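1. the sequence and its predicted three-dimensional model are supplied below.
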Amino acid sequence: MELAHLSLIKKFRALTLISTMAFICPIGAAGQSTPPSDPPADWGPTAIDYSNVPYPYPVEYLDVSLNGEDYRVAYMDVAPVGQPNGQTVVMFHGMNFFAAAFGVTMKALTEAGFRAIAVDRLGYGRSSKPTIHYNLHMPARHTKALLDELGIEQTAIVGHSMGGMVATRFASTYPETTTHVVMVNQIGLTDSRHGRAWTDPEAAYQSALRTSYRSVLSGHVRYYPRGWKPEYLKWVKYQYGLTLSGHWPQMAKVRAAQRQILFEDPVVYEWQHIATKALVIGGAEDRLVSDYPAAARHVAEELQNAELFIFPEIGHAPAFEIPDQFHAELIRFLESDPNEPADQEWRESNVGRR
């Protein structure tokens, strides 16, 4: 039965790749929408605490302390909808999103029996927005404190984009807590300090202050090589809305400090030390990374026990572009035995090879 089940899984994965390629339309194809060139007139400010931004599930808070100051970390903790499988998944968002962006993934996971937790990292969403020097140790430590508070001894970790860097740091810091680690179109795949000068925080802040609707929009448009969909616009709305708030100078400092993490706190030297069962997964046409398939393959080769899965012609946000295919592959991996070796078939393939 186990062999038959494994065979079915492999057939489904192959069909997933084929169906992904079969239904891709070229950019500009009929039926695709175009985002507005200017912000809609009815858009208003986004509150600094995101109190006027809808979340798909109830939000709870963890009290944390940094440098003698007290802050709050917001999170959603959703129980399984169907038969519980006893597993928990914690999710970390990227630079231009926040925990609510995992709504579609949380739904898929809880319907599959997982307990799903999505965290707003400090400086994002409904969490506190201190103007401090940020690093990746902070969200890793805060998440471990949250798990301890909730009585969760082991969990799978999923990180998208910059959240993949957090997932790396968490898995390398707390291996005994991490059953699986998933890096979805992770950024920070190289050490960007080589041949590049450090940016003074004031210059970074002044650059962030110049954020406009069009700069935010262009950042989101490049996530989707298959073209724009109207449902993507709300993420632009929430991010751009921060610039309309009276708290924008504070938020601009927070944004600038978060961007500095990419330069000041690389994770590229940690992959080789991670023995946790890992999945490196993402869209091949990620415009945020130069040759993402090759970079992703390098990460998988550095990790001690990793699988690699690349969706052809998909961009930086596969959970939005192809939710069914992406979540099927994610759940397949998370349901796998963490003590069994990761599938190594990718090593014999040409995926990611230059």
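-> Yes, it's here. Numbers count the residues shown, from 1 in each chain.

2. got any ranges where the protein has weak pLDDT?
-> Applying pLDDT under 70 to the chain flags the ranges 1-32, 354.

3. could you rerun that using 80?
-> 1-32, 82, 354 (pLDDT under 80).

4. please, where are all the helices along it?
-> Secondary structure of the chain (DSSP state H): helices located at 2-22, 103-111, 137-150, 162-173, 201-209, 213-221, 233-241, 248-264, 292-302, 318-321, 323-334.

5. could I get the last one in PDB with only the CA atoms?
-> When you say that, I think you mean helix 323-334. Output of helix 323-334 as PDB, limited to C-alpha atoms (Å, rounded to 0.1, in the frame of the first residue of the first chain):
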ATOM      1  CA  PRO A 323      -3.000  28.100  -5.000                       C
ATOM      2  CA  ASP A 324      -4.300  24.600  -5.700                       C
ATOM      3  CA  GLN A 325      -1.100  23.300  -7.100                       C
ATOM      4  CA  PHE A 326       1.100  25.100  -4.600                       C
ATOM      5  CA  HIS A 327      -0.900  23.900  -1.600                       C
ATOM      6  CA  ALA A 328      -1.100  20.300  -2.800                       C
ATOM      7  CA  GLU A 329       2.700  20.200  -2.900                       C
ATOM      8  CA  LEU A 330       3.100  22.000   0.400                       C
ATOM      9  CA  ILE A 331       0.700  19.700   2.200                       C
ATOM     10  CA  ARG A 332       2.300  16.600   0.600                       C
ATOM     11  CA  PHE A 333       5.600  17.700   2.100                       C
ATOM     12  CA  LEU A 334       4.300  18.700   5.500                       C
END
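
6. the residue nearest to residue 296 when sequence neighbours are not counted bridge partners, please.
-> Distances taken as C-beta to C-beta, 6 or more residues apart in numbering place residue 280 nearest to residue 296, at 5.0 Å, with adjacent residues excluded. All C-beta spots, glycine's among them, are computed from the backbone N, C-alpha and C. Per DSSP bridges, the residues bridged to residue 280 are residue 183, residue 308.

7. residue 280 contacts residue 183, correct?
-> Yes. Between residue 280 and residue 183 there is a contact at 5.2 Å, judged by C-beta atoms under 8 Å.

8. overlap of the contact sets of those two?
-> With contacts taken as C-beta atoms under 8 Å, 6 or more residues apart in numbering, residue 280 and residue 183 have residue 299 as neighbours in common.

9. which of the helices of the chain sits closest to residue 40?
-> Among the helices of the chain, the nearest to residue 40 by C-beta to C-beta is helix 233-241 (8.0 Å).

10. show residues contacting that closest one.
-> Helix 233-241 is contacted from outside by 35-36, 39-40, 43-46, 50, 53, 96-98, 101, 211-213, 216-217, 220, using C-beta under 8 Å, 6+ apart.

11. that one to helix 248-264, inter-axis angle?
-> 110 degrees (axes from the mean of the first three to the mean of the last three C-alpha atoms, to 10 degrees).

12. CA atoms only: put helix 233-241 into PDB for me.
-> Presented in PDB, the C-alpha positions along helix 233-241 are these (Å, rounded to 0.1, in the frame of the first residue of the first chain):
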ATOM      1  CA  LEU A 233      -4.700  45.200  -5.700                       C
ATOM      2  CA  LYS A 234      -5.700  45.000  -2.100                       C
ATOM      3  CA  TRP A 235      -2.100  44.300  -1.100                       C
ATOM      4  CA  VAL A 236      -1.000  47.500  -2.900                       C
ATOM      5  CA  LYS A 237      -3.800  49.400  -1.100                       C
ATOM      6  CA  TYR A 238      -2.700  48.400   2.400                       C
ATOM      7  CA  GLN A 239       1.000  49.100   1.700                       C
ATOM      8  CA  TYR A 240       0.500  52.400  -0.100                       C
ATOM      9  CA  GLY A 241      -2.100  53.500   2.500                       C
END
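
13. what about it, distance to the chain center?
-> Distance of helix 233-241 from its chain centroid, counting by C-alpha atoms, centre = their mean, to the nearest Å, is 17 Å.

14. what comes up buried for that helix?
-> 233, 235, 236, 237, 238, 239, 240, 241 (16 or more other C-beta atoms under 10 Å).

15. show me the contacts for the closest residue to residue 107 other than its chain neighbours.
-> Leaving out its chain neighbours, the residue that sits closest to residue 107 by C-beta to C-beta, 6+ apart is residue 56, at 7.6 Å. Shown in contact with residue 56 (C-beta under 8 Å, 6+ apart): 76, 100, 103, 106, 107.

16. I am finished for the moment; much appreciated.
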